[in-house]
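>>> Sharing a model that was predicted from the sequence below.
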Amino acid sequence: MNIDKSARYRTSHEFARKDGAEFVAGISDHAQESLGDIVFVELPEVGKTIKQGETFGVVESVKAASDLYMPMSGRITAVNGDLAGDPALVNKDCYAKGWMIRFAPANPPEWDGLLDAAAYEKEAGKE
Amino acid sequence: MNLKPEPLVFEVSAPGRIAVSLPKGDTPSYPLPPGLVRTELKLPELDELTVVRHFTRLSQKNFSIDTDFYPLGSCTMKYNPKANEVAAGLPGFRNTHPLVGEEFSQGALELVHRLQSMLAEIGGFKAVSLQPAAGAHGELAGVFMIRAYHLSRGDAKRTKILIPDSAHGTNPASCTMAGLEALTLPSNAEGGVDMEALKAGLDAAAGEVAGIMITNPNTLGLFERNIEEIARLVHEAGGLVYGDGANMNALTGVFKPGESGIDVMHFNLHKTFSTPHGGGGPGSGMVGAGDRLAAFLPGPVAVEKGERYALEMPAKSIGRMKAFYGNFGVLVRAYTYIRMLGPNGLRRVAENAVLNANYLKVRIEKVFPLKYSRRCMHEFVAMGDIAPGIHTLDIAKRLIDYGIHPPTIYFPLIVPEALMVEPTETESLATLDEFVRVMTLIAQEAKTRPELLHAAPTTTPIGRLDEVAAARSPVLCYRA
């Protein structure tokens, strides 16, 4: 299992990573592997404000469709437009080219409540 | 199976060929405005015999319960007795029309009324409506009824419905379609609803809980032992309990869901009551309700008035879910099935469905392990990733080579590499033993000759499809 050490995670397998004053989020390597070949990613409109734990989109693979949950509350400042044409980027490179959303945090201390890389690795290993 | 590749009708089309000669029109022609007239229309041109052969050959490629074993979990692909078809084909039923009026539909209305009563008895409901046309349609009706109940009491804040993470995907979809919000409940280590999470969920959404949607037995094929306690807690929180009856085949004649605290529930007549489905439909997702919700049932329903039968809307009905009176032909088949079996026969259906599933479970789990391995009801969920590089999809595809329809795969989502088997009561011991033999053989192949599984199926007119390409760039129209 490939884990981005600089990111933090939800138990539902989304990651968030600081990028300047904003955050970048997507799904973990463990999540993309469990889902299998991803065929569609639905992302929110830029400008939308979404609370922590609410859905920001949907990821669909040949096996299943799964909701994507906001790792922290925030306002969407950008989405990865490349995923519309090439959803396989999430399979190939989930932490970099397969990123999903960028957001401005509404409540930065929520970061501290997320799982760090070691804790997430332990959590994902249980499955 | 007919293995010859069959061309599309467009590919065998020849200019000028026709199958029917239309009579000369006896009404004056009316010229359409010029912009609306097409001069070229890509329709195939074929003679009658070519059309008959084309569709007959296609039908010979079908896989069906009438040809082979079909253990598709959560779908109850049981045998549909041919007597059902005889009854549905009786001229009085077949040739009637919903607009002929009550006076000339007394026989049809009597059947509908009797079927409502029998299903109310089987489910432990106060009243039943046969309106919905399929399972998810019945769910939607039930969620509308729950919403209407709260609104009728002036309580507009109840917009949240709790749903276990093992539920059919149609449950959250029905909530969303009804304008309500679905909240997911985790399962416990035994595969049932996590009671502490339920209590926490009810507390967190206090005053906003419209209800819970619960499937019993659940999609793991496990009986929800805490059903009465779950219903009590949800009722205490002011919510109502929806029962997803997709798995009723495990319970007929043994357990009445309406007596376990469920307020409204759908049954799939096309699963439990042996009417054709899986492309052969149409279905029927009747809804039954207890005291709180009976008045809200969709309508019209059949009622007895003296010696006559009539159609009526329940007092606070959510209205119609469908034009006319449900899928009537399906109702005739279900009625026939129930009358042929009687109460004792229906009980034996459930007993044998559960016995067959447990027989398979005990033998199959030696080669395909289970995540939740307690005694099952009518189905069980194994896992297919038994060797390096082997996935459940490969097991499913290899089964096709052995003439068996693949089980449901990758559902429920809480079991990784899920393989969900439901044999139903209508299969013989010989068929079950053959299935075990084949599954054991495939398990060996997975370890010794994995390439056979990766290439499967190889005995069908079309082999392994590229599902990823089909999903990512589907071609949905014929390209000439």
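Looks like it arrived, so ask away. Numbering: from 1, shown residues only, chains lettered A, B, ... in the order given.
>>> Where does pLDDT dip in the stretch 251-400 of chain B?
Applying pLDDT under 70 to the stretch 251-400 of chain B picks out residues B:278-280.
>>> show me where it has helices.
B:328-364, B:392-401 (DSSP state H, counting those that start in this stretch).
>>> ditto for chain A
Applying DSSP state H to chain A gives helices spanning A:29-35, A:82-85, A:89-92, A:117-125.
>>> now the strands: where do they sit in chain A?
A:8-9, A:14-19, A:22-27, A:38-42, A:49-50, A:55-61, A:65-69, A:74-79, A:101-105 (DSSP state E).
>>> Figure out which of those is closest to chain B.
strand A:38-42 (3.7 Å; C-beta to the nearest C-beta). Every residue, glycine included, has its C-beta placed from N, CA and C.
>>> Show me which residues of the closest one are buried.
Across strand A:38-42, burial judged by 16 or more other C-beta atoms under 10 Å in any protein chain shown covers A:38-39, A:41-42.
>>> and if you look at stretch A:110-120?
Residues A:110, A:114-115, A:117, A:120 are the ones in stretch A:110-120 that count as buried (16+ other C-beta under 10 Å).
>>> Which residues of chain A lie near chain B?
By the rule C-beta under 8 Å from any C-beta of the partner chain, the part of chain A lying against chain B is A:34, A:37, A:39-40, A:60, A:62-66, A:87-88, A:127.
>>> Now the buried members of these.
For the residues of chain A next to chain B, buried by 16+ other C-beta under 10 Å: A:34, A:37, A:39, A:60, A:62-64, A:66, A:87-88.
>>> what's the neighbour count on B:R472?
By other C-beta atoms under 10 Å in any protein chain shown, 17 other residues sit near B:R472.
>>> Go ahead and confirm B:G201 touches B:P186.
No - between B:G201 and B:P186 there is no contact under C-beta atoms under 8 Å: 9.4 Å.
>>> who has more neighbours, these two?
Ranked by neighbour count (other C-beta under 10 Å), B:G201 and B:P186 place B:G201 first, with 22 against 14.
>>> Pick out the residue of the stretch 201-350 of chain B closest to chain A.
B:A204 (11.2 Å).
>>> circling back: mind checking which of the helices of chain A is nearest B:G384?
Across the helices of chain A, B:G384 has its closest neighbour in helix A:29-35 (14.1 Å, C-beta to C-beta).
>>> For the stretch 1-150 of chain B, which residue gets nearest to chain A?
B:S74 (14.6 Å).
>>> quick one, what contacts that residue?
Each residue near B:S74 by C-beta atoms under 8 Å, 6 or more residues apart in numbering or on different chains is listed here: B:168, B:219, B:246-247, B:379, B:408, B:411, B:420, B:422.
>>> What ranges does the stretch 1-150 of chain B have for its helices?
Taking DSSP H, counting those that start in this stretch, the helices of the stretch 1-150 of chain B run over residues B:9-12, B:48-59, B:82-88, B:91-94, B:106-123, B:135-152.
>>> ok so, going back, save the helices of chain A as CSV, and put in mean pLDDT too.
Output for the helices of chain A, formatted as CSV (pLDDT from 0 to 100):
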stretch, mean pLDDT
helix A:29-35, 93
helix A:82-85, 94
helix A:89-92, 96
helix A:117-125, 91
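>>> Kindly reformat the ones you listed as a markdown table containing distance to B:V287.
Listed next are the helices of chain A as a markdown table, based on distance: least, C-beta to C-beta, whole Å:
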| stretch | distance to B:V287 |
| --- | --- |
| helix A:29-35 | 34 |
| helix A:82-85 | 40 |
| helix A:89-92 | 40 |
| helix A:117-125 | 41 |
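>>> Quick check: which of these is nearest to B:E181?
helix A:29-35 (23.7 Å).
>>> Any buried residues in that closest one, and which?
A:29-32, A:34-35.
>>> show me the contacts for the residue most central in space within chain A.
Using C-alpha atoms, centre = their mean, the residue of chain A that lies closest to the mean C-alpha position is A:G26, 2.0 Å off. By C-beta under 8 Å, 6+ apart, A:G26 lies in contact with A:14-15, A:80, A:90, A:94-95, A:98-101.
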